[in-house]
Structures are given as C-alpha cells and as structure tokens.
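>>> just to be clear, the model below is a prediction. Sequence and coordinates:
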Amino acid sequence: QVQLVESGGGLVQAGGSLRLSCAAPGRTFRSYSMGWFRQAPGKEREFVAAASWNGDSTVLADSVKGRFTISRDNAKHTVYLQMNSLKPEDTAVYYCAATWLLHPPITHGDYDYWGQGTQVTVSS
C-alpha cells in the first residue's frame, strides 16, 4: 500500500501561482509513474499532468499546457505541480496518484493509489 499526501492548496487570485506537493514515503516511490488529477464540484475527475518514474517523460492536459509544470524529486519522494497564471476554472480538488505503469497514463482508472486531495480555489 502506498500512502500519498498532498499539500500546497489554498486560495489565490486569478493570475497567481501555487505549488502542490505530493509526498509518498518509501523506497518504492521511484518505481511509480505519478499523476495529478482534479475534480470540480459537479464534474468528473479530469487528468491534469503526469510524469514517468524519472521525470523524463511528462504529459500535460491541453487546458494547462504553458501554465502548469509537473516535476519530481525521487530523493525526497515527492512530486510537484507548479501552477502559474491560475484561472477561476482551475478551481477544484487536486489529487495525486501513483501507478506501476512505466509510461505515465492519463486515465484515472490506470492509477493504483490516490491521495486524499487538496483544495485549490482561484478567485476572479
């Protein structure tokens, strides 16, 4: 079982920035591809970003390209989501997820472990 703990959410004005962190203690962290998803009220969970085990391969949703960046530090067992130029439509609960798949998937059903989520609210 992998425990994922997100942090860094909060309230920010449109145009601002936040950095989310997801810690996954344990020696197996470097074995996982990691992803970020988000879910707004009344909407389905949607893919945001994902990174391969070493961070060399990353995938971003079209809606966040040019604004968000995913990175990871395997020595710290942590994956990050840097969010810049935030918009009100980015408001959601953001979830971190882990999968054994080598190539980071964009489908939430392909992920094996999930964090509890962190709220991001962007005011206009």
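Received it, and whenever you're ready, just let me know what you need.
>>> which SS class is T28?
Three-state call for T28 (DSSP: H, G, I helix; E, B strand; the rest coil): helix.
>>> now for it: which residues touch it?
The contact partners of T28, taken as C-beta atoms under 8 Å, 6 or more residues apart in numbering, are V2. C-betas here are computed from N, CA, C, even on glycine.
>>> residue closest to the middle of this protein?
Closest residue to the average C-alpha location of the chain: W36 at 2.4 Å, with C-alpha atoms, centre = their mean.
>>> quick one: it is in a strand?
Yes - according to three-state DSSP, the state of W36 is that of a strand.
>>> list the contacts for the nearest residue to it once chain neighbours are set aside?
Spatially, and ignoring its direct neighbours in sequence, W36 is nearest to V48 (4.3 Å; C-beta to C-beta, 6 or more residues apart in numbering). By C-beta under 8 Å, 6+ apart, V48 lies in contact with 35-38, 60-61, 64, 68, 81, 94.
>>> any residues touching stretch 7-27, and which ones?
By C-beta under 8 Å, 6+ apart, the surrounding residues in contact with stretch 7-27 are 2-6, 32, 34, 36, 76-88, 94, 96, 98, 115, 118-124.
>>> can I have the buried ones of the residues you listed as a PyMOL selection?
Entered in PyMOL, the line below selects the buried ones among the contacts of stretch 7-27, by 16 or more other C-beta atoms under 10 Å:
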select buried, resi 2+4+6+32+34+36+77+78+79+80+81+83+86+94+96+98+115+118+120+122
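>>> which of the contacts of stretch 7-27 fall in strands?
Using DSSP state E, the members of these that fall within strands are 5-6, 34, 36, 78-83, 94, 96, 98, 118-123.
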